[in-house]
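Enquirer: need coordinates for the below:
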Amino acid sequence: MTITGDISIHTQNIFPIIKKWLYSEPDIFIRELLSNAKDAITKRQILAKRSGSQDEVVTGLIEVAVDETARTITISDNGLGMDETDLQTYINQVAFSGATTFIESLEGSGDTTDMIGHFGLGFYSAFMVADRVEIHSLSCQPGAVSAHWECEGSTAFTIRKGNRESIGTDVILHIGADHSDLLGVDRIRTLVKKYANYLPVEIKVNGEVANVQQAIWSQPTSGLTQESVMALYRDMVPGQPDPLFWIHLNVDYPFRLTGILFFPQKVHEMDGNQGQIQLYCQNVFVSESARDIVPAFLNALQGVIDCPDLPLNVSRSFLQQDSTVQKMSNYIVKKVSDRLQSLFKEDRAQFETIWGSIGLFIKYGMLSHDTFYDKIKEVALFKTKQGYRTLQELKSSSPPADASGSGEAVPQLVYSTQPDSQTAIMATCEEWGYEVIHFESALDTHLIPLLESKESCKLVSVEGIVDGHLSESQPLDEAIKTRIESVIQGATENVQIRCKGLADSTLPALVSQPEFLKRTLEMTKAMRRMSGEAELPMGDETLVVNYNHPLVKVLDQWIEMGHPLKDELARYVVQMGQLMNRPLKGEESRQVLTTSSALILALSEATLNPSV
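Expert: Numbers count the residues shown, from 1 in each chain. Modelled structure (predicted):
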């Protein structure tokens, strides 16, 4: 047997759901009721224009009156108004949208692009803060009679003749005891500024204008001035230094989206969540964050995005994911990358001056967004001692290397993760023909394998390059090798010693570290730093002592003659090798000073008294 029918809904249970679960914040009632008032004004203006009665096209006005004594908030507009039939149609039917019905009646006219409402539920947000709600309204229809609607938050309502004398609507909220904080003029003015600051209609709170009204982001780019854009920025983020530059978003197909994005003066490594891109719909504030539209790497930016086509849920508080959201995200990425490309091409010198502020977010974008990577790779900069270089410039000037034993010669790029403390070893690399890239951000170590996979190049740390240059001029006598390694090994801790007669005699000792181990250690260190964890100990190091350096030859002579300071000199050789690779910390620094002092004192005494 087949049974069909309609699902039964117990209407008495609807209001508790609306009051407690539909909206995320109680103060959203201001947004919803002001949006309704704006739509009512827009409807009246459209109907007046279509009828040819230009004299009847009113200048919109919304007035909010706070009466602390009466415990009421009244929102009044001079929109098209309602009669008894309208009240029963649009107010008594939950989720019946007057805006949607109005738009459908004028479909194809092009007059309805400023309408806000869609769901027909916004009015009932009033019951989140009010125990009783009244409506006094007078329709703009000829011969209309004022109507009064009243409800105490149940399914019961009363409609009778009203007392409003001018066309429009008053919504009177009798505020509940739990929301007494709303009965302050300053509090309501703050909420108006938050939710409706850019609604294109004047809103007064107890007689004073409370909103800016003009949303400059909806204007054509040609109509924007630097002064007006900066005024918006200072209004949104007061007290912050002016941004480096800004981008205007403006598209009307296949979706409608406008906005302005600002690039702040400085984006630090841990500041990725400090931006503020506010989300609007038809100039009405929706959310402090546009993260569902903007890719994560752009979260550090500031600004506003306004999209009437946002797939919002019925509370207009949250996005519902669909293909439109992804298209919007791709459009924003394209606009950002296009702007960065134009800045680079128009004035590279200026682009280099701001790279310190924008480089981090660009690297994050390259790591996390393939489309952004492809668009921005030609203008991404890498710092070296000589200045900023693009990847292509570095590849064209670097010696080739065999890529992973494949036999294919690819450019070999050299980098340092501690450029301030590795100046000596970096200078040696430059003598070998390499321009060393300064990788100082935690993201850089993650960028290395990505560049290698996409750009036909090989990246090697300065330690790895040194490891590859440890070629011997000739095999060292095993007796000499054992003698030196034994003394140096006994004079230090946590260091593995190897002695070689290197072809390059400029360095007394070098830390040898295979590239794969270097990357593993650096990525671990970066992850622990980003998570706030303490760095792990360095662990054992392998130090290659260069017998062909004069200082090591002196050490060998001191060993043979049993010089009392041979251990100090051995320790000093180790410390010189470590200093080539990294800064010394704590006890290591004290030991360097002690060893250096002892050696200098001995040499001084030998100079003053040659017989010693």
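Enquirer: hmm, which helix or strand of the protein has the shakiest average pLDDT?
Expert: Least confident helix or strand of the chain, by mean pLDDT, DSSP states H and E, is helix 98-105 with a mean of 50.
Enquirer: just checking, next helix/strand downstream of that one?
Expert: strand 130-138 (DSSP states H and E).
Enquirer: which strands or helices does that following strand pack on?
Expert: strand 147-151, strand 168-175 (3 or more CB pairs under 8 Å, 6 or more residues apart in numbering; DSSP states H and E). Just so you know, the C-beta spots here come from the backbone N, C-alpha and C atoms, and that holds for glycine as well.
Enquirer: let me know the angle separating it from strand 168-175.
Expert: With axes from the mean of the first three to the mean of the last three CA atoms, to 10 degrees as the basis, strand 130-138 and strand 168-175 are set at 170 degrees to each other.
Enquirer: in strand 130-138, what counts as buried?
Expert: Of the residues in strand 130-138, 130, 132, 133, 134, 135, 136, 137, 138 count as buried by neighbour count, 16 or more other CB atoms under 10 Å.
Enquirer: chain neighbours aside, what residue packs nearest to residue 508?
Expert: In space, and not counting its chain neighbours, residue 508 is closest to residue 549: 4.3 Å by CB to CB, 6 or more residues apart in numbering.
Enquirer: of the buried residues of strand 130-138, closest to residue 186?
Expert: Ranked by distance to residue 186 (CB to CB), the buried residues of strand 130-138 are led by residue 130 at 19.9 Å.
Enquirer: separation between the closest one and residue 162?
Expert: 18 Å (CB to CB, to the nearest Å).
Enquirer: now do the helices in the stretch 351-500 of the chain.
Expert: 370-376, 391-397, 423-431, 444-455, 462-468, 478-490 (DSSP state H, counting those that start in this stretch).
Enquirer: residue 302 reaches residue 265, doesn't it?
Expert: No: judged on CB atoms under 8 Å, residue 302 makes no contact with residue 265 at a distance of 10.7 Å.
Enquirer: show me which of those two is the more surrounded one.
Expert: residue 302 (20 against 13; other CB atoms under 10 Å).
Enquirer: quick one: pLDDT of residue 89?
Expert: Here the pLDDT value assigned to residue 89 is 84.
Enquirer: for the strand or helix carrying residue 75, packing partners?
Expert: Applying DSSP H and E as the criterion places residue 75 in strand 72-77. When contacts are defined as 3+ CB pairs under 8 Å, 6+ apart, strand 72-77 sits against helix 28-51, strand 61-67, strand 168-175.
Enquirer: as TSV, the ones you listed with distance to residue 413, mean pLDDT and mean neighbour count would be great.
Expert: Output for the helices and strands packed on strand 72-77, formatted as TSV (distance: least, CB to CB, whole Å; pLDDT from 0 to 100; neighbours: other CB atoms under 10 Å):
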stretch	distance to residue 413	mean pLDDT	mean neighbour count
helix 28-51	53	90	22
strand 61-67	62	98	20
strand 168-175	66	97	22
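Enquirer: and residue 191, which of those is closest to it?
Expert: helix 28-51 (4.4 Å).
Enquirer: got the angle between that closest one and strand 168-175?
Expert: Going by the same axes, to 10 degrees, helix 28-51 makes 170 degrees with strand 168-175.
Enquirer: comparing the helices of the stretch 351-500 of the chain by mean pLDDT, which bottoms out?
Expert: Across those, the lowest-scoring stretch is helix 462-468, with a mean of 74.
Enquirer: send me that one as PDB with only the CA atoms.
Expert: Provided in PDB are the C-alpha atoms of helix 462-468 (Å, rounded to 0.1, in the frame of the first residue of the first chain):
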ATOM      1  CA  VAL A 462      76.100  25.700   2.200                       C
ATOM      2  CA  GLU A 463      76.900  22.700   4.500                       C
ATOM      3  CA  GLY A 464      75.900  20.300   1.600                       C
ATOM      4  CA  ILE A 465      78.000  22.200  -0.900                       C
ATOM      5  CA  VAL A 466      81.000  22.000   1.500                       C
ATOM      6  CA  ASP A 467      80.400  18.300   1.900                       C
ATOM      7  CA  GLY A 468      80.600  17.900  -1.900                       C
END
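Enquirer: what's it packed up against?
Expert: Short answer (3+ CB pairs under 8 Å, 6+ apart): helix 462-468 packs on strand 409-416, helix 423-431, strand 509-512, helix 515-530.
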